[in-house]
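Participant: requesting a structural model of the entry that follows:
(chains A and B)
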Amino acid sequence: MRVSLGRRIYRKYGILILAAVLFIILSIFGEGFFSTSNMINIMRQISVYAILGFGMTFVMISGCIDLSVGSVLCLSGCLSAVAIQKGVPMWWAVILSLLVGCLCGLFNGFCIAKLKVPFFITTAGTMYAAAGIALVITKENPISLPASYQIFGGKTLFGVIPHQFIIAAGFFVICFIILNHTKMGRYTYAIGSNERTAHLSGINVDRYRILIFVLNGLCAALAGVIVASRLRAGNPVIGSGYEIYAVAAAAIGGTSLAGGEGSLLKTIIGAFILTIIGIGLNILGIATSTQKIIIGLIMIAVVALDMWDKKSSS
Amino acid sequence: MAKRFTTMAEPSAQSAATSEQYILRMEHIKKAFPGVQALNGISFYLKPGEIHALMGANGAGKSTLMKVLVGVYAPDEGEIYLNGKQVNIKTVAQAHEMGVSMVFQELNILPHLSVLENIFLSHEPTRAGIYDWPKMRKKAQEILDSIELDVNLNTQVRYLSAAQQQMVEIARALATDTKIIVFDEPTSSLTVKEVEKLYKIMADLKKRGIAMVYISHRLEEIYRICERLTLMRDGEWVFTDELCNISNERLVSGIIGKKAEEQYPTRNPTIGETIFEVKDLTSYGKCEDVSFQVRKGEILGFAGLAGAGRTEIAKTIFGVYPMHKGEIILHGKKIRPTTPEKAVKYGIAYVSEDRKAEGILPVRSIRENAAVSSLPRRMKGPFIDKRKEKREVKEQIEALHTKTPSMEQEIRNLSGGNQQKVCLSKWLLSNPTLLILDEPTRGIDVGAKAEFYDIIADLAKQKDVGVIMISSEEAELIGLCDRIIVMRNMHKVGELYPRETPNIKEELVRLMLAID
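Facilitator: Presented below is the predicted three-dimensional model:
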């Protein structure tokens, strides 16, 4: 069947067009939206959503979701703060934070792959446990971080490019290479497409599932370092809700929950859309609570459109 | 058999005495998918109460045509008339309401639901919006009795055998007061006894006035139960005739373009040393005390009824089932393939009998599917060498004559036969020492089968591989294999040499069915 030109354009560029249209509308109607300070703001915000989105893209391509990223993000920041408070040098504290993210991912992956606990239950459990650990180690109070920690998130290069954006960009390159040019990436797609076939094709499904969750844990931890850097504190009550942003960025970017499909570039656009909606609605004076309604509905609408397209073309 | 064959001219509504002669008329149906024109203006006519065979090469469009009828696909052009009235079938539910249903090749049951629930799926009789269980039970039991299916209505369908599950699908069709049932390759997972039972039921359905379309590649079956036959090729009508007017030879040569006997390549293999050996192999509940050898250049066949243990041996060797007793020896060395990953590393390849569930990665491209089992061989450090990959996949596509516009096509857009070629390519690229083919030509048209036989024969000749072929088609095993092992009830019960045994077919059947 000849796929109509309109449909082909939608498939390749649909998300990009949506992002562009939103950007233009907000620039016109939002006072101060199209300004240097706001562009910097966008770059700041998108970094966290993008990094979380990258990890979640891997997880969703493999057919799962990780609900624990918000808590791991929180735990990572808190761990840095506690470690530094106890005299650990800053860079070692950061490495510890990243390691704890990997460990949470390892734990998730192990339970899901080896113990066969369904991913929903496992990551929900880790979500609560990690949040609990954060509260315990900080004794339920935010712990402030030294000014040097702001290198990950408050500062800007040449006064224009936020450091976290550079970190996110660099991390994107790494993830992109992994997903598109290594065994791990290829096997991620295979496992999500048909786990049984992947297993019978000689892939060690368990091992790669675990690796995928470790990577996602690392993403959450990295995002946590950035967030803590912006807050200049390890705060044990933040993080809740970030997992939805991660899924939304990937889903709006066309990553299917059924597994087997997804693209990091499109996840970036998904993260971008989320960012400018949040910022734009702020500028338009719409309250955060209302924003959540809008974002939730947009996520459903975008995926519904994608599902309709898939269905009507088969 | 008459020497001159009369064929019906292409049927048209105008030439029929009245259009009510046909319960179904499909006129000039066109349907295209990305890259392929599956149906090219084909017409199909079904008389009430007849059993009508639909044959053709894979990719000929038989399943597609029927899926258009049943509402799975919407045609791009063309009309459908039921009992003379034009209908617009947009969904499967609408098709059911109009009395048209299909028993699919890949079973469409919901495993965790009960027999009762599966029968009435989406047709549940209700009383003020609540399920009318007593009415459902009564009707379901009546239907089960009418097809002599002796199962408890409450049993979860996943506990039934494949044949029983298929009966449940037939029951579901009957529950919709169907007038037309389409059977798509219904016997591919049935044993000989179960096939007989299916025929009995079909004869009974015929008496009740239900018209049936029977899609199959098995000529013996078609000659046995069908009255008329329509042959399709490349989405177009070739001929429709009474089966008594069609000879076996004419049919086969019509499909494959050469004589039936020439399907199997003549082989004069030089058989070398033992590459692979299995001693007293046991996996509890799957296979017991099986021993055999595979030699270089040889094609070793495995015959037996469904469930006799052939796939089970293969999967034990391949690391899917645990090996509880015995030894596996590859090139003289004892190995323990405990997982498929290890088996592949040892050089064992297994082409599964269930391509849909175990053979393909549906949403991925042909290239990714073909490359997936051999990635470690094409790494440049931690990175995949994509150029090498594209080159090797291209070679495979050409070598096996896989029909596709490009290797980036999603594999699920290919016909069954071409999908199978990609699966085979996947394993050939893994450079195996032992290649196990499990029902490699199942669901593939006669023409493509002949191609496969050439490929398999070639493989055994050229490469340093041992080939095991599991098949439920005795003719195939006899035509292609150098040696056939017969399995029955998880045990090896015989070993035959087709070229040296004059009445090989009888011998095989005797061993398979335990007839002395």
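
Participant: closest point of the stretch 201-314 of chain A to chain B, which residue?
Facilitator: residue A:202 (3.2 Å; CB to the nearest CB). From N, CA and C alone the C-beta is placed, and that goes for glycine too.

Participant: quick check: closest non-adjacent residue to the residue in the stretch 51-200 of chain A that chain B sits nearest to.
Facilitator: Nearest to chain B, among the residues of the stretch 51-200 of chain A, is residue A:193, at 3.9 Å (CB to the nearest CB). The spatial neighbour of residue A:193 that comes closest, neighbours along the chain excluded (CB to CB, 6 or more residues apart in numbering or on different chains), is residue A:260 at 3.4 Å.

Participant: spit out the contact partners of the one you found.
Facilitator: By CB atoms under 8 Å, 6 or more residues apart in numbering or on different chains, residue A:260 lies in contact with A:61, A:63, A:189, A:192-194, B:361-364.

Participant: tally of neighbours for the residue of the stretch 151-300 of chain B found nearest chain A?
Facilitator: Taking CB to the nearest CB, chain A has its nearest neighbour within the stretch 151-300 of chain B at residue B:235, 13.0 Å off. When neighbours are counted by other CB atoms under 10 Å in any protein chain shown, residue B:235 registers 23.

Participant: that one contacts residue B:37, doesn't it?
Facilitator: Yes. Contact criterion CB atoms under 8 Å: residue B:235 and residue B:37 qualify, at 5.9 Å.

Participant: give me the number of residues near residue 196?
Facilitator: The chain I'm using is chain A. 14.

Participant: switch to chain B, please.
Facilitator: Neighbour tally, residue B:196, other CB under 10 Å: 11.

Participant: give the contact list for it.
Facilitator: With CB under 8 Å, 6+ apart, residue B:196 has no contacts at all.

Participant: could you pull up phi and psi at it?
Facilitator: phi -60, psi -40 (degrees, to the nearest 10).

Participant: distance of it from residue B:145?
Facilitator: Distance from residue B:196 to residue B:145, counting by CB to CB, to the nearest Å: 19 Å.

Participant: spatially nearest residue to the spatially most central residue of chain A (excluding sequence neighbours)?
Facilitator: With distances taken as CA atoms, centre = their mean, residue A:52 lies nearest the centre of chain A, 1.6 Å away. Excluding the flanking residues, the one nearest residue A:52 by CB to CB, 6+ apart is residue A:246, at 3.8 Å.

Participant: ditto for residue B:163
Facilitator: Of all residues not flanking residue B:163 in the chain, residue B:194 sits nearest, at 3.9 Å (CB to CB, 6+ apart).

Participant: what is the burial count for the one you found?
Facilitator: Neighbours of residue B:194 (other CB under 10 Å): 20.

Participant: which strand or helix spans it?
Facilitator: Assigned by DSSP states H and E, residue B:194 falls within helix B:192-207.

Participant: which residue ranges of the stretch 151-300 of chain A form helices?
Facilitator: Under the criterion DSSP state H, counting those that start in this stretch, helices of the stretch 151-300 of chain A are mapped to A:163-181, A:183-193, A:195-200, A:205-231, A:242-252, A:264-283, A:288-312.

Participant: name the residues of the shortest one that are buried.
Facilitator: It stands for helix A:195-200. Neighbour-count burial for helix A:195-200, counted by 16 or more other CB atoms under 10 Å in any protein chain shown, picks out A:195, A:197-200.

Participant: contacts for it next, please.
Facilitator: A:63, A:187, A:190-191, A:205, B:318, B:320, B:340, B:350, B:352, B:357-361, B:372.

Participant: I am finished for the moment; much appreciated.
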